[in-house]
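Trainee: Fold the following for me, if possible:
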Amino acid sequence: MHITSEIYKTATLLIEAYGEMATVGATLKADQCLHTGDHDGNLTWLQVARCIEEITDDETLPKDAIIN
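Mentor: I've put the predicted structure just below:
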């Protein structure tokens with residue numbers, strides 16, 4: 001997946017603020033956008049959610065990595 005710097009920055013900020021609940025928050029925001037007809041916003045927040053999943057995927061992190 002191609003990740004823009006804005007998507008990555010948003011994902012890392014959500015992880016810092018909400019930890020393991022960051023993906024849930026991004027997904028909820030995507031749903032809100034969809035329900036209001038904001039399809040671009042929906043796609044953007046889904047990209048953020050996917051990015052969060054990639055960043056926090058335990059299998060891709062070194063064993064000594066620390067996620068706050």
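Trainee: hey, where'd the helices end up in the protein?
Mentor: 5-18, 22-35, 39-56 (DSSP state H).
Trainee: what about dumping the CA coordinates of the longest one to CSV?
Mentor: Think helix 39-56. The C-alpha trace of helix 39-56 is given here as CSV (Å, rounded to 0.1, in the frame of the first residue of the first chain):
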residue,chain,number,x,y,z
HIS,A,39,-16.8,9.4,0.1
ASP,A,40,-13.3,11.0,-0.2
GLY,A,41,-13.2,11.4,3.6
ASN,A,42,-14.3,7.8,4.0
LEU,A,43,-11.5,6.5,1.7
THR,A,44,-9.0,8.7,3.5
TRP,A,45,-9.9,7.4,7.0
LEU,A,46,-9.9,3.8,5.7
GLN,A,47,-6.3,4.4,4.5
VAL,A,48,-5.5,5.8,7.9
ALA,A,49,-7.0,2.7,9.6
ARG,A,50,-5.0,0.4,7.3
CYS,A,51,-1.8,2.3,7.9
ILE,A,52,-2.4,2.0,11.7
GLU,A,53,-2.8,-1.8,11.3
GLU,A,54,0.4,-2.0,9.3
ILE,A,55,2.4,0.1,11.8
THR,A,56,1.1,-1.9,14.8
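Trainee: helices or strands up against it?
Mentor: Judged by 3 or more CB pairs under 8 Å, 6 or more residues apart in numbering; DSSP states H and E, helix 39-56 is in contact with helix 5-18, helix 22-35. Any C-beta I mention is one placed from the backbone N, CA and C, and that applies to glycine too.
Trainee: What is the neighbour count of residue 13?
Mentor: For residue 13, the neighbour count with other CB atoms under 10 Å is 12.
Trainee: Enumerate every residue touching it.
Mentor: With contacts defined as CB atoms under 8 Å, 6 or more residues apart in numbering, residue 13 has no neighbours.
Trainee: any idea how far it lies from residue 39?
Mentor: Distance, residue 13 to residue 39, by CB to CB, to the nearest Å: 23 Å.
Trainee: Can I get the helices of the chain in a markdown table including mean pLDDT?
Mentor: Formatted as a markdown table, the helices of the chain follow (pLDDT from 0 to 100):
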| stretch | mean pLDDT |
| --- | --- |
| helix 5-18 | 96 |
| helix 22-35 | 97 |
| helix 39-56 | 96 |
